[in-house]
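Colleague: quick one: sequence and predicted model below, then my questions.
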Amino acid sequence: MGFWKFFTAVLILNLFWSKPTSSISLSTTELSEIPTKFLSYAKKPEIVNLMVDARRRIHENPEVAFEEFETSKLIRNELDKMGIEYKHPIAVTGVVGMVGTGEPPFVAIRADMDALPMQESVEWEHKSKVPGKMHACGHDAHVAMLLGAARILQDHRQELKGTVVLIFQPAEEGAGGAKKMVEDGILKNIDAIFGLHVSVDLPIGSVASRPGALLAGSGLFEAIISGKGGHAAIPQHTIDPILAASSVIVSLQHLISREADPLDSQVVTVGKFQGGGAFNVIPDYVTIGGTFRAFSTESFMQLKKRIEEVIKAQAAVQRCNATVDFYPDNKIFFPVTTNNKVLHTHFENVAGDMLGIDNVQGMQPLMGSEDFSFYSDVTPGCFFFLGMANETRGKLASLHSPYFTINEDVLPYGAALHASVATRYLLEFESKSHISD
Ligand SMILES: *[C@@H]1O[C@H](CO)[C@@H](O)[C@H](O)[C@H]1NC(C)=O
Ligand SMILES: *[C@@H]1O[C@H](CO)[C@@H](O)[C@H](O)[C@H]1NC(C)=O
Ligand SMILES: [Zn+2]
Ligand SMILES: [Zn+2]
């Protein structure tokens, strides 16, 4: 693909590239009008139809982690129609498009494509046609909004003072699609990255985020605690792993209540406890599993170390042996999602110009996690939540609920925000050095 060869050449040149001397040519007023202009553009029937149609087609055919083949094809077809160059496949099904001059600076906007392995319970015209699979986290809407943004940007490409990179990634839900995208080198020379997630709690037309740590780092653990099974009435001839596992679980809770700084939020939850099958038999072994979360790498690694120590030592107290696996089912750790302070301010300025400052909210960090963190771990990034709630239509079901629905009125907001933060970034920031915290 010619454009990509050019892009790569520019990347190499970029290593020797010095800051341009040209300054921003638009006035503050002109800059502040871009977000409202893009929102009106995104609300045009043609753009709304493009997004609603894409979203519904994706919703009907949900594909789970690393299986987003049809979704990926749909995205490429739409980009082809818009005349946007892209690279594919990246990380199995990922697509990376490019709009603009093909020259620095490079700013990325990202959407995730995967569905969840769960059955949809909403009865509507575009219900999932695949039993046991559903878009219940809004990633169908995320793809549609990024396609809408692609169209807005392509239609305004003469105004772009650099390049917007459109990232469509697979496998956000636990499998670390973003990690694979990063390993495949997509962030090389990207100066900044923005991402969003729909929210069922925030009102439509409003956004929320915060500078610094936004979402927790998270990991899983699974332990097999082995003893020696036997008759429940003759415990002296057994080594009881159920008792040992119970002591382990209680001791794990002390990591938070006694070892962690009360002002440094952390979680350890044991959500899985499997062992035994009869009233009068002590089993040979028990399996427990859970998740742990923290807001700094130090706290996270300390927690990981102590979880292993506590499980092994507490099992030993009861004469059991324990093995601990931190990567069950090939699941991986998610880093903390941290918003770059300068990019967060940029996001607030742009969103404020579009939605009014009252509709740009701050928020507390959430214990949830996002694989956007793999990007923001290595490149300055900013992630924010986009409201979908409209009181007059009743309350929306929560993310990952079988009753989850999208308020499609959100699509133009998402598209316009993506396009505006990127366009304004290119106009206001000349190089990475400007956004170091
Ligand atoms: C624990 O491991 C040791 C060393 O491998 C072994 O001798 C012992 O039998 C094990 N105990 C249990 C309860 O599995
Ligand atoms: C909320 O829903 C009502 C009823 O459908 C609609 O008239 C109104 O425009 C919606 N509000 C927004 C901000 O989308
Ligand atoms: Zn999700
Ligand atoms: Zn999600």
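Modeller: Received, thanks. Ligands and ions are numbered 1, 2, ... in the order given.

Colleague: is stretch 358-365 positioned near ligand 2?
Modeller: No: using Cβ under 6 Å from any ligand atom, stretch 358-365 stays clear of ligand 2, coming no nearer than 10.3 Å. C-betas here are computed from N, CA, C, even on glycine.

Colleague: dump that stretch to PDB, keeping only the CA atoms.
Modeller: C-alpha atoms of stretch 358-365 as PDB (Å, rounded to 0.1, in the frame of the first residue of the first chain):
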ATOM      1  CA  ASP A 358     -21.100  21.900  32.700                       C
ATOM      2  CA  ASN A 359     -21.300  18.700  30.700                       C
ATOM      3  CA  VAL A 360     -17.700  17.800  31.200                       C
ATOM      4  CA  GLN A 361     -17.500  16.100  34.600                       C
ATOM      5  CA  GLY A 362     -14.700  14.900  36.800                       C
ATOM      6  CA  MET A 363     -14.900  11.500  38.400                       C
ATOM      7  CA  GLN A 364     -13.400   9.200  41.000                       C
ATOM      8  CA  PRO A 365     -11.100   6.400  39.700                       C
END
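
Colleague: quick check: buried residues in that stretch?
Modeller: 359-361, 365 (16 or more other Cβ atoms under 10 Å).

Colleague: also stretch 252-270?
Modeller: Quick answer for stretch 252-270 (16+ other Cβ under 10 Å): 252, 255-256, 260, 265-266, 268, 270.

Colleague: same check, this time on stretch 383-399
Modeller: 383-389, 396, 399.

Colleague: hang on, the earlier thing: now the buried residues of stretch 252-270 as a markdown table including distance to ligand 2?
Modeller: Shown next, in a markdown table, are those (distance: Cβ to the nearest ligand atom, whole Å):
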| residue | distance to ligand 2 |
| --- | --- |
| 252 | 45 |
| 255 | 45 |
| 256 | 41 |
| 260 | 42 |
| 265 | 33 |
| 266 | 38 |
| 268 | 40 |
| 270 | 42 |
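
Colleague: looking at those residues, which are in helices?
Modeller: residue 252 (DSSP state H).

Colleague: in strands, which of the buried residues of stretch 252-270 fall?
Modeller: Secondary structure assignment by DSSP state E places 266, 268, 270 of the buried residues of stretch 252-270 in strands.

Colleague: that older thread, biggest separation within the buried residues of stretch 252-270, which pair?
Modeller: Farthest apart among the buried residues of stretch 252-270 by Cβ to Cβ are 265 and 270. That separation is 18.2 Å.

Colleague: which one's the longest helix in this structure?
Modeller: Max-length helix for the chain by DSSP H is helix 297-317.

Colleague: name the helices or strands packed onto it?
Modeller: strand 217-226, helix 241-254, strand 266-274, strand 285-294, strand 321-325 (3 or more Cβ pairs under 8 Å, 6 or more residues apart in numbering; DSSP states H and E).

Colleague: now render those as CSV, adding distance to residue 81 and mean pLDDT.
Modeller: Listed next are the helices and strands packed on helix 297-317 as CSV, based on distance: least, Cβ to Cβ, whole Å; pLDDT from 0 to 100:
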stretch, distance to residue 81, mean pLDDT
strand 217-226, 38, 97
helix 241-254, 53, 98
strand 266-274, 45, 97
strand 285-294, 42, 97
strand 321-325, 46, 98
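
Colleague: quick one: buried residues of stretch 33-45?
Modeller: Neighbour-count burial for stretch 33-45 [16+ other Cβ under 10 Å]: 34-35, 37-39, 41-42.

Colleague: to residue 409, which of the helices and strands packed on helix 297-317 lies closest?
Modeller: So among the helices and strands packed on helix 297-317, strand 217-226 is nearest, using Cβ to Cβ, at 31.4 Å.

Colleague: tell me, how many residues neighbour the closest residue in space to residue 259 that isn't next to it in sequence?
Modeller: Among residues not flanking residue 259 along the chain, residue 306 sits closest, at 6.6 Å (Cβ to Cβ, 6 or more residues apart in numbering). As a burial measure, residue 306 scores 18 neighbours (other Cβ atoms under 10 Å).

Colleague: do residue 338 as well
Modeller: 25.

Colleague: what mean pLDDT does the strand or helix carrying it get?
Modeller: Per DSSP states H and E: residue 338 is located in strand 337-339. What strand 337-339 shows for mean pLDDT is 97.

Colleague: how much space between residue 275 and residue 325?
Modeller: 16 Å (Cβ to Cβ, to the nearest Å).

Colleague: settle it for me: which of these two has more neighbours?
Modeller: residue 275 (18 against 14).

Colleague: burial count for the residue nearest to that one when sequence neighbours are not counted?
Modeller: Leaving out its chain neighbours, the residue that sits closest to residue 275 by Cβ to Cβ, 6+ apart is residue 286, at 3.2 Å. For residue 286, the neighbour count with other Cβ under 10 Å is 25.

Colleague: ok, now residue 244?
Modeller: 25.

Colleague: and if you look at residue 49?
Modeller: Considering only other Cβ under 10 Å, residue 49 is surrounded by 10 other residues.

Colleague: average pLDDT for the strand or helix carrying it?
Modeller: For residue 49, the host element (DSSP H and E) is helix 45-60. The average pLDDT within helix 45-60 is 98.

Colleague: same check, this time on stretch 376-389
Modeller: 97.

Colleague: would you mark the buried spots in the helix or strand that the helix holding residue 49 is followed by?
Modeller: Using DSSP H and E, the next helix or strand after helix 45-60 towards the C-terminus is helix 69-82. For helix 69-82, the neighbour count (16+ other Cβ under 10 Å) marks 71-72, 74-76, 78-79, 82 as buried.

Colleague: and the angle from helix 69-82 to helix 45-60?
Modeller: 160 degrees (axes from the mean of the first three to the mean of the last three Cα atoms, to 10 degrees).

Colleague: helices or strands up against helix 69-82?
Modeller: Using 3+ Cβ pairs under 8 Å, 6+ apart: helix 69-82 touches helix 45-60, strand 85-90, strand 94-100, helix 139-155, strand 163-169.

Colleague: count of residues packed around the residue in the stretch 201-350 of the chain that ligand 1 sits nearest to?
Modeller: The minimum distance from the stretch 201-350 of the chain to ligand 1, using Cβ to the nearest ligand atom, falls at residue 321 (3.6 Å). By other Cβ under 10 Å, 15 other residues sit near residue 321.

Colleague: now swap in the one 5 residues further on and tell me
Modeller: Residues contacting residue 326 under the criterion other Cβ under 10 Å number 16.
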